[in-house]
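>>> Dropping a prediction and its sequence here:
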Amino acid sequence: MLTIDKLSVTLDAEAGLVHAIDQMRLTLHRGETLALVGESGCGKSMTALALMRLLPDAGRISGGRLLLDEQDLFALPEAQMRAVRGGRIGMIFQEPSTSLNPVLRIGAQMVEAIQAHTRWRGTEARSKAIEWLKRVGIPEPERRIDAYPHQLSGGQKQRVMIAMTLAAEPDYLIADEPTTALDVTIQAQILELLRELQRERRLGVLLITHDLAVVAGMAHQVALMYAGQIIEVAAAATFFAQPRHPYARLLLQALPDAAKRGERLAAIAGTVPPLWTKFQGCRFAPRCDRAWAQCHAQAPALADLALPLAVDQQAPQQQPHEVRCWLYSHADGAAQPALPPAELQLRPATATAAAVPEADDKPLLEVRNLSVRFALKRGWWGGAQTYFNAVDDVSYAIKPGKTLALVGESGCGKTSSGKAIVQLLRRTAQLEGQALLDGQDLFQLHGQALQQARRAVQIIFQDPFASLNPRLRVSDVLEEGLLALRPDLDARQRRLNLELLLDQVGLRRDALQRWPHEFSGGQRQRLAIARALAVEPRLIVCDEPTSALDVSVQAQILNLLRDLQRERGLAFLFITHNIGVVEYVADEVAVMQAGRIVEMGSSASVLAAPQQGYTRELLAAVPRLRSPLVR
């Protein structure tokens with residue numbers, strides 16, 4: 001087994017000493033999956049980096065042990081740790097764009113890992129790399145193995161990272177958001193591959209994810225983390241059927257689905273507190289709707305409720321169920337504070353929103369016969385000899401105040417069509433067709449007219465880290481668009497706008513003076529959303545805007561986007577693989593396959609009664625969460 005014993009991690013920061021992880025205790029058995037869940041910024045990814053001894057320069061392990069078969073890995077010299085890292089314990093990082101070397105072909109990177117940790121060499125190692133690329137669903141692996149990372153889509157780069165890690169044949173796998181950038185069919189394929197490896201090789205998996213449906217289908221144990229602490233640990237079945245911590249119950253109520261369409265999601269107010277805070281009571285108390293006086297005065301311990309697994313009547317033995325909450329002061333979970341019943345009730349999960357105003361019948365954006373072609377091979381004199389049709393004769397329309405969801409497998413052309421609309425492919429691809437914004441063809445605009453159109457059409461990119469300039473502070477990143485497209489605002493107005501934007505996306509105002517690398521993946525995604533909203537556009541191309549967000553922040557962002565849509569009549573082209581989000585936000589759905597739209601219609605008709613076999617396959621691959629708190 002892999003045992004985390006009283007792990008504490010601290011980091012030096014300008015604001016003070018950051019306690020990223022506080023006295024963590026967890027155990028991962030071979031052949032099992034332990035899911036670590038919680039909000040962005042609570043310490044999940046820092047836990048993964050600490051276990052691999054890959055902390056940033058400012059970080060250090062200030063206490064605790066990591067036992068692998070009773071050997072303390074924190075006590076090993078770095079030379080011995082290199083054999084463990086990748087060989088015994090593999091890791092899939094959260095952001096493949098920053099984990100793959102951009103100047104090396106993916107085959108060279110995979111062969112290097114295989115030769116370092118297995119007996120395979122030379123052509124045999126290359127054959128193994130091709131085999132793993134095929135197992136994770138990379139099309140044409142014999143050709144793609146010689147591609148560079150920038151030639152692959154976000155989902156394909158994620159699959160390369162997974163293949164590279166698994167090809168080294170580790171005993172344990174730390175998977176930090178392994179399916180974030182993947183569509184549902186590839187996600188199902190990857191999860192089935194992990195299950196197969198668990199059966200074959202007794203692979204132990206520490207799964208760090210915000211997708212609770214994936215957790216429900218994969219995990220044996222669930223550990224819920226908040227502000228650097230573990231606040232609930234239970235068997236997966238128990239966690240979803242009988243969540244005890246108020247934070248756990250609110251997370252489950254924040255999940256979007258078709259039943260909540262037209263209503264506000266139960267977003268948790270506020271954000272995770274900064275980890276340099278000197279906490280006195282329960283860390284969740286300021287955001288908790290069950291908090292009482294003792295919660296603010298004294299920190300609760302992690303108590304074992306020892307509750308029976310009620311969902312499995314064939315296993316009446318006691319199951320460990322630990323909760324860090326003053327609502328359960330005794331092991332039997334019976335003791336609760338003497339408060340009026342009304343104060344112990346959770347707030348309603350949703351509140352009905354105001355009626356949506358009737359949208360204009362005239363489309364805001366009308367795409368006609370759009371085709372996007374990329375040159376694959378050029379001749380001696382620069383002429384293109386071979387082209388790849390990323391988008392092939394696609395047409396659709398979006399009305400003001402409406403949302404069109406574009407779904408399909410990774411690499412089917414969803415992102416290429418979105419980038420073509422916002423004029424980001426003029427120099428790298430051949431574009432055909434029209435993209436009419438209020439009747440004006442965006443493909444024919446130049447100079448000042450194009451700049452005016454850029455204010456009306458903005459994009460939220462799929463990879464927040466790659467889209468934020470690492471050499472600029474957040475204030476400069478957000479202000480850049482205002483300086484270019486809103487010259488009517490003075491410095492004071494721009495500053496006020498930026499502060500209000502951070503409030504809207506759930507970030508503290510002190511974030512303006514920080515750098516992009518100081519934020520978690522979910523927090524960087526919120527910064528990317530704030531940047532798109534800064535210039536007050538009329539249409540936003542949302543390329544996987546919630547893929548890197550945990551459940552509670554996703555609910556905040558979806559509520560924000562719906563509110564902005566109602567207030568400003570914003571239109572959205574929503575590119576996503578999250579069908580639950582599609583069910584909640586989309587008015588219309590277009591399904592893409594191999595660059596073409598194969599089915600399009602209202603959200604209700606496409607999702608409830610799909611006509612195409614490909615659409616039915618997509619919907620069948622969607623993981624579903626069955627919980628009494630999710631209707």
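That came through fine. None of the values given here were measured: they were computed from a predicted structure.
>>> so where is the stretch 101-250 of the chain shaky, pLDDT-wise?
181 (pLDDT under 70).
>>> Residue 368 pairs with what?
In this entry, residue 368 is beta-bridged to residue 434, by DSSP bridges.
>>> Over to the one 4 residues further on?
For residue 372, the beta-bridge partners under DSSP bridges are residue 391, residue 431.
>>> how far away is it from residue 532?
The spacing between residue 372 and residue 532, counted by C-beta to C-beta, to the nearest Å, is 22 Å. C-beta coordinates here come from the backbone N, C-alpha and C atoms, glycine included.
>>> Which of the two has more residues huddled nearby?
A direct count of neighbours by other C-beta atoms under 10 Å for residue 372 and residue 532 places residue 372 higher, at 23 against 20.
>>> can you tell me which residues contact that one?
389-391, 413, 416-417, 420, 425, 429-431 (C-beta atoms under 8 Å, 6 or more residues apart in numbering).
>>> just checking, residue 489 touches residue 482?
Yes: here residue 489 reaches residue 482: they are 5.9 Å apart, a contact under C-beta atoms under 8 Å.
>>> Quick check on the contacts of residue 372: which are buried?
Among those, those buried by neighbour count (16 or more other C-beta atoms under 10 Å) are 389-391, 413, 416-417, 420, 425, 429, 431.
>>> Take those residues and keep only those in strands.
Counted as lying in strands by DSSP state E, out of those, are 389-391, 431.
>>> which one of these is nearest residue 10?
residue 390 (46.5 Å; C-beta to C-beta).
>>> That closest one touches residue 428, doesn't it?
No: the criterion here is C-beta under 8 Å, and residue 390 misses it with residue 428 at 10.7 Å.
>>> Now the common contact residues for those two.
With C-beta under 8 Å, 6+ apart, residue 390 and residue 428 have common neighbours residue 374.
>>> Could I get the ones in strands among the buried ones among the contacts of residue 372 in a markdown table, plus columns for distance to residue 183 and pLDDT?
A markdown table is the format used below for those (distance: C-beta to C-beta, whole Å; pLDDT from 0 to 100):
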| residue | distance to residue 183 | pLDDT |
| --- | --- | --- |
| 389 | 19 | 88 |
| 390 | 16 | 90 |
| 391 | 17 | 93 |
| 431 | 24 | 91 |
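>>> hang on, the earlier thing: quick one: which of the contacts of residue 372 is nearest to residue 201?
residue 413 (36.4 Å).
>>> in the particular helix or strand that has residue 477 in it, what's buried?
Element membership for residue 477, per DSSP states H and E: helix 474-485. By neighbour count on 16+ other C-beta under 10 Å, the buried set for helix 474-485 is 474-475, 477-479, 481-482, 485.
>>> Would you mark the buried spots in whichever helix or strand residue 540 is part of?
Here residue 540 sits within strand 539-543, counting by DSSP H and E. Within strand 539-543, the residues that count as buried by 16+ other C-beta under 10 Å are 539-543.
>>> what does stretch 133-142 give?
In terms of neighbour count (16+ other C-beta under 10 Å), stretch 133-142 has its buried residues at 133, 135-138, 141.
>>> do stretch 77-86 as well
Those would be 81, 84-86, for stretch 77-86 by 16+ other C-beta under 10 Å.
>>> between residue 489 and residue 482, what contacts are shared?
By C-beta under 8 Å, 6+ apart, the residues touching both residue 489 and residue 482 are residue 497.
>>> picking up where we left off before, and the two most separated of the buried residues of strand 539-543?
Longest span within the buried residues of strand 539-543, C-beta to C-beta: 539 and 543, 13.2 Å.
>>> and residue 157, what is it in contact with?
96-97, 100, 149, 181.
>>> CSV please, covering the residues you listed and showing secondary structure.
Converted to CSV, the contacts of residue 157 look like this (DSSP: H, G, I helix; E, B strand; the rest coil):
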residue, secondary structure
96, helix
97, helix
100, coil
149, helix
181, coil
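>>> Would you reformat the residues you listed as CSV and include neighbour count and distance to residue 256?
Formatted as CSV, the contacts of residue 157 follow (neighbours: other C-beta atoms under 10 Å; distance: C-beta to C-beta, whole Å):
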residue, neighbour count, distance to residue 256
96, 24, 26
97, 21, 27
100, 20, 31
149, 20, 32
181, 27, 19
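>>> possible to save the buried ones among the contacts of residue 372 as CSV with distance to residue 505?
Listed next are these as CSV, based on distance: C-beta to C-beta, whole Å:
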residue, distance to residue 505
389, 36
390, 31
391, 30
413, 29
416, 27
417, 26
420, 27
425, 27
429, 31
431, 32
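>>> Which single one of the buried residues of stretch 133-142 is nearest to residue 44?
The nearest one, if we look at those relative to residue 44 and count by C-beta to C-beta, is residue 136, at 23.1 Å.
>>> My read is that that closest one contacts residue 165, right?
No: using C-beta under 8 Å, residue 136 makes no contact with residue 165, being 10.1 Å away.
>>> what's the burial count for residue 170?
Counted with other C-beta under 10 Å, residues neighbouring residue 170 total 22.
>>> Then residue 386?
Around residue 386 there are 10 residues (other C-beta under 10 Å).
>>> what kind of secondary structure is residue 9 in?
strand.
>>> Number of residues surrounding residue 602?
As a burial measure, residue 602 scores 12 neighbours (other C-beta under 10 Å).
>>> Do a quick rundown of the strands in the stretch 401-550 of the chain.
403-408, 430-437, 440-441, 457-460, 539-543 (DSSP state E, counting those that start in this stretch).
>>> Go through these and name the closest to residue 108.
Taking the strands of the stretch 401-550 of the chain one by one with C-beta to C-beta, strand 539-543 is closest: 28.9 Å.
>>> give me the number of residues near residue 524?
23.
>>> can you pull the pLDDT of it?
Note on residue 524: pLDDT of 84.
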